[in-house]
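[1] please work out how this folds:
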Amino acid sequence: MRAGPGAGPVRVLVVDDHPIVREGLVALLDRADGVEVVGAAGDGEQAVALVAARSPDVVLMDLRMPGWDGVATTARITADHPGARVLVLTTRESDHDILGAVEAGARGYLLKAAPGEEIVAGVRAVAAGETALSPPVAARLVARARGGGSRPRLSAREREVLGLVAEGLGNPDIARRLFIGEATVKTHLARIFAKLGVDDRTRAVTRALECGILPPPPA
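    Below is the predicted model:
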């Protein structure tokens with residue numbers, strides 16, 4: 001990596017599906033000392049191709065994109081091009097998004113609301129092998145790491161609903177099993193998702209198992 005003095009600029013690939021945001025990031029980085037933008041991509045597939053063609057040191061990655069999202073693209077890049085370090089830059093700060101990006105191999109996670117100098121500093125830090133996290137993201141990860149005391153609390157009915165989700169039941173089947181309406185099932189699921197910091201059924205079950213809210217499946 002180009003981290004040492006005289007080793008050349010940090011080569012950055014910008015990935016964002018919004019042209020105005022993409023152009024703004026390119027302009028920001030072009031003005032920064034010791035940083036060179038080597039390309040810009042509007043989707044995950046194009047990003048993977050440009051990483052292969054231009055060998056960036058850092059890939060500044062959006063999460064929400066058409067086709068391959070940022071997590072899938074990050075996983076592909078880190079698997080195929082371990083020399084390229086991914087720094088996520090997004091508006092999304094849920095536990096689900098943060099953990100998904102980290103598990104995919106991202107070296108940093110910044111929010112688009114961050115000042116320009118924080119984004120540039122994050123690029124330099126990731127290029128040097130360090131981790132770059134926005135303060136709200138760091139706070140979420142610390143709270144999660146502390147575990148036990150911050151375990152989400154679900155009501156008895158919410159645990160019932162989630163247990164049936166874990167069994168593979170859809171909303172109509174859950175409604176029949178519990179003698180409630182489908183709209184009520186949806187309301188319970190929305191509350192469960194909010195409490196667990198997730199946005200889909202699969203991650204809700206996984207998170208509940210991690211926290212001990214649901215018992216582990218029989219061996």
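[2] per-domain residue ranges of this structure.
    Taking the TED database as the criterion, the chain consists of the domains 10-146, 156-211.
[3] could I get the ones you listed as a markdown table with mean pLDDT and mean neighbour count?
    Quick note: C-beta positions are derived from backbone N, CA and C, even for glycine. Conversion of the domains of the chain to a markdown table gives the following (pLDDT from 0 to 100; neighbours: other C-beta atoms under 10 Å):
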| stretch | mean pLDDT | mean neighbour count |
| --- | --- | --- |
| domain 10-146 | 90 | 19 |
| domain 156-211 | 89 | 17 |
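[4] any idea how far residue 210 is from the closest residue in space to residue 165 that isn't next to it in sequence?
    Distance criterion C-beta to C-beta, 6 or more residues apart in numbering; nearest residue to residue 165, sequence neighbours excluded, is residue 201 at 5.4 Å. Residue 201 is 15 Å from residue 210, where distance means C-beta to C-beta, to the nearest Å.
[5] and for residue 49?
    35 Å.
[6] how about residue 23?
    Taken as C-beta to C-beta, the span from residue 23 to residue 210 is 40 Å.
[7] before we move on, what about residue 39?
    To residue 210, residue 39 is 38 Å away according to C-beta to C-beta.
[8] contact partners of the longest helix seen in the chain?
    The helix of greatest length in the chain, counted in residues with DSSP state H as the criterion, is given as helix 182-196. Helix 182-196 has contacts (C-beta atoms under 8 Å, 6 or more residues apart in numbering) with 95, 152-154, 157-158, 161-162, 165, 171-172, 174-175, 178, 199-201, 203-204, 207-208, 211.
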